[in-house]
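K.L.:
below are the sequence and a predicted model for it; my questions follow.
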Amino acid sequence: MQLSTRGRYAVMALVDLAAREPEGAPRRVSLAEIAARQGISPAYLEQLFARLRRAGLVVSARGPSGGYGLARRADEVSIATVIRAVDEGGAPGECCLDAGEAGEAAGCPTAALWQALCLHIHHFLDAITLADVVAGRLDGTRTPRQPREAA
């Protein structure tokens, strides 16, 4: 998994969607709205959302109330899943850091350090969901879903 601008923008866009979806009732959001709020090019978002749609993370609808919504609940989508959906290449266990030739050299004493750090990053991003980011729970601990209070 690579930590790239593409992955970062995809996470920003899906957190934006998750923050605007009322519980149990998906709301469609246009890419223009997301682009304006997040400062991301609409054309770039179109490319990202094509990948996210193919990965089954978002659904789209056309028409006056059209746009994009999450295909699954926000508490079911990990940040690592979003990043993997938009970044090609990179095997699941591949390091997200560029250790450089020195770090990859046989017998390099720091190679294990960088690989361990990459493993921690991967586990951290796998433990955090879109709902966690929206709620500000960034330590990887989840609380049970709370029912929404009637308005």
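P.N.:
Everything's here; your move.
K.L.:
CA atoms for contacts and neighbours, from now on please.
P.N.:
Noted.
K.L.:
mind listing what's buried in the strand or helix carrying Val134?
P.N.:
If you go by DSSP states H and E, Val134 is part of helix 130-135. For helix 130-135, the neighbour count (16 or more other Cα atoms under 10 Å) marks Leu130, Ala131, Asp132, Val133, Val134 as buried.
K.L.:
excluding its backbone neighbours, what's nearest the last one?
P.N.:
So that's Val134. In space, and not counting its chain neighbours, Val134 is closest to Ala19: 5.9 Å by Cα to Cα, 6 or more residues apart in numbering.
K.L.:
now do the first one
P.N.:
Nearest non-adjacent residue to Leu130, counting by Cα to Cα, 6+ apart: Ala74, 5.1 Å away.
K.L.:
could you do the fourth one as well?
P.N.:
Computed as Cα to Cα, 6+ apart, the closest residue to Val133 that is not its neighbour in sequence is Val15, at 7.0 Å.
K.L.:
isn't that neighbour up against Leu130?
P.N.:
Yes - counting by Cα atoms under 8 Å, Val15 touches Leu130, with 5.6 Å between them.
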